[in-house]
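Chemist: give me a model of this one.
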Amino acid sequence: MKERAMALCCEGENCSRAILRAAAEQYGFPLSQELIDSCNAISAGFGVGGMCSALVAAVMVLGILFPTDEAKQKSLILFYRVQERWNCIDCCRLSANKEDCNDLIGEISAMLEEIICG
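Modeler: Residues are numbered from 1 along each chain as shown. Okay, here's the model as predicted:
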């Protein structure tokens, strides 16, 4: 999933769309056009450098794949890992001094896959 998410980013998909599309392909869940389009509003940290939209999309994937309580537990693990790795979860600081977020998308995808696979 990591490589696919990174490839989608290189093809021009925004962070959240790349994560959602790669996960849908990997785990076989359908994506409506409305769900894909909703990513337009959350890219670039909700347009204001807020929470990383790749992380938001990863949490959405967990919500799609798991029952509520398990999704919430796995989301906390993901947040903890991202915070531990980069000391933040916001777009501005995560993307600072980067030409693009491709590597970041790859790392978040890999973390997501590890959490999904248990």
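
Chemist: so who does residue 62 touch?
Modeler: 71, 74, 75, 78, 112, 115, 116 (C-beta atoms under 8 Å, 6 or more residues apart in numbering). C-beta coordinates here come from the backbone N, C-alpha and C atoms, glycine included.

Chemist: same question, residue 40
Modeler: Residue 40 neighbours (C-beta under 8 Å, 6+ apart): residue 14.

Chemist: quick one: the helices in this protein, in order.
Modeler: 2-10, 15-27, 33-38, 43-44, 53-65, 68-86, 91-95, 102-117 (DSSP state H).

Chemist: highest neighbour count among the contacts of residue 62?
Modeler: Most neighbours among those, by other C-beta atoms under 10 Å: residue 112, with 28 neighbours.

Chemist: for it, give its distance to residue 96.
Modeler: Residue 112 sits 22 Å away from residue 96, going by C-beta to C-beta, to the nearest Å.

Chemist: swap in residue 59?
Modeler: Taking C-beta to C-beta, one finds residue 59 at 22 Å from residue 96.

Chemist: quick one, which of those two is more surrounded?
Modeler: Applying other C-beta under 10 Å to residue 59 and residue 96 shows that residue 59 carries more neighbours, namely 20 against 10.

Chemist: next up, the contacts around that one.
Modeler: Going by C-beta under 8 Å, 6+ apart, residue 59 touches 71, 75, 78, 79.

Chemist: repeat that for 7 Å
Modeler: Residue 59 makes contacts with 75, 78, as judged by C-beta atoms under 7 Å, 6 or more residues apart in numbering.
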